[in-house]
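> build me a model:
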Amino acid sequence: MNDTHTVVRARILELCAQREITVNRLATLSGVTQSTLNNIVSGRNNSTTISTIKKLCDGLDISLRAFFDTPAFDELEQELK
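Here you go, the predicted model:
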């Protein structure tokens, strides 16, 4: 079972690969600091906000709906904490 943070990281990497850009290029395009984005994709940041994801979507020229429109998000189990 994947958790939300793992799926978000995988989705960012997938979208970068599809567009043939590096994570650092995405940071530049989106206005998210390189250190923040590196922390997200390396797993050191497990509290990515929707605001940050929206900035990444803007940099990728996609909607939030497109970001989350992947089977991996549909398969997440409810996280109760």
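
> helices along this protein, start to end?
4-19, 23-30, 34-42, 50-60, 64-68, 71-74 (DSSP state H).

> any idea how far the longest one is from the middle of the chain?
Meaning helix 4-19. Centroid separation for helix 4-19 versus its chain: 5 Å, with C-alpha atoms, centre = their mean, to the nearest Å.

> what of the shortest one?
Counting by C-alpha atoms, centre = their mean, helix 71-74 is centred 13 Å from the centre of its parent chain.

> who touches that helix?
The contact list for helix 71-74 (C-beta atoms under 8 Å, 6 or more residues apart in numbering) reads 2, 7, 10-11. Backbone N, C-alpha and C define where each C-beta goes, glycine included.

> quick one, which of those residues are buried?
Among the contacts of helix 71-74, those that count as buried by neighbour count (16 or more other C-beta atoms under 10 Å) are 7, 11.

> now stretch 29-38: buried residues?
29-30, 32, 37.

> contacts only, for the residue nearest the centre of the chain.
The centre of the chain sits closest to Ile12, judged by C-alpha atoms, centre = their mean, with a distance of 3.8 Å. Neighbour list for Ile12: 23, 26, 37, 40-41, 56 [criterion: C-beta under 8 Å, 6+ apart].

> just put those in JSON lines and tack on pLDDT.
Shown next, in JSON lines, are those (pLDDT from 0 to 100):
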{"residue": "Val23", "pLDDT": "96"}
{"residue": "Leu26", "pLDDT": "98"}
{"residue": "Leu37", "pLDDT": "96"}
{"residue": "Ile40", "pLDDT": "94"}
{"residue": "Val41", "pLDDT": "94"}
{"residue": "Leu56", "pLDDT": "97"}
